[in-house]
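K.L.:
Dropping a prediction and its sequence here:
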Amino acid sequence: MSSENNYYSILIVEDNEGVMDLAVNIFEYAGFKVFTARDAAGGVECFRQNPEIDLIFSDLILPGGVTGIEMAKTILREKPGTLFLMVTGYSDKGKALREKIQNMDNVEFLAKPYDVNEVAEKVKSMIRRNSPETTVA
């Protein structure tokens, strides 16, 4: 957890403006410091510039030909242990990608549409389980 501000920080990687706005609102309301990116390349760059990010909340299917899984693999090579919560709708491509994350450490899946009242708690729970600190923002 980012200790200097007592908040969890999250990177949201989402290309749909409406979905991005909703996610930003959910996490800011829950007290997170929020970073955003519209595609995998932007997500990797933002993460490199902000290593205090506690968790990456990303769509599985992103523009530019790089999936959320490929982005996660890049980031995990650079910083093993990084947490990811991947989301997608029920498309065939999303189902195929979901199967690929089942054996990846620190990567969990959430189906769209997700419950706005539960998603922030799920993220906090993931961070708590993987953090030596026990205080919660």
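P.N.:
Thanks, I have the structure now. Numbering: from 1, shown residues only.
K.L.:
only C-alpha atoms for contact and neighbour calcs from this point on.
P.N.:
Noted.
K.L.:
Quick check: phi and psi at the closest residue to Asp105 other than its chain neighbours.
P.N.:
If you skip the residues right next to it in sequence, Asp105 has Gly81 as its closest partner in space, 7.7 Å away by C-alpha to C-alpha, 6 or more residues apart in numbering. Recorded main-chain torsions at Gly81 are phi 100, psi -10, according to degrees, to the nearest 10.
K.L.:
okay, now Pro63: neighbour count?
P.N.:
As a burial measure, the neighbour count of Pro63 was computed by other C-alpha atoms under 10 Å and equals 14.
K.L.:
residues in contact with the closest residue to it other than its chain neighbours?
P.N.:
Excluding its sequence neighbours, the residue lying closest to Pro63 (C-alpha to C-alpha, 6+ apart) is Asp39, at 5.9 Å. The contact partners of Asp39, by C-alpha atoms under 8 Å, 6 or more residues apart in numbering, come to 13-15, 62-64, 66.
K.L.:
buried stuff in the helix or strand hosting Val123?
P.N.:
Per DSSP states H and E, Val123 falls inside helix 119-129. Neighbour-count burial for helix 119-129, with 16 or more other C-alpha atoms under 10 Å as criterion, is recorded at 119-120, 123-124, 126-127.
K.L.:
State the mean pLDDT of that helix.
P.N.:
When pLDDT is averaged over helix 119-129, the result is 90.
K.L.:
Who are the packing partners of that helix?
P.N.:
Counting contacts by 3 or more C-alpha pairs under 8 Å, 6 or more residues apart in numbering; DSSP states H and E, the secondary-structure elements packed against helix 119-129 are strand 83-88.
K.L.:
So what does the spatially most central residue of the chain have for phi and psi?
P.N.:
Per C-alpha atoms, centre = their mean, the C-alpha nearest to the average position across the chain is that of Phe57, at 1.6 Å. With angles defined as degrees, to the nearest 10, Phe57 sits at phi -110, psi 110.
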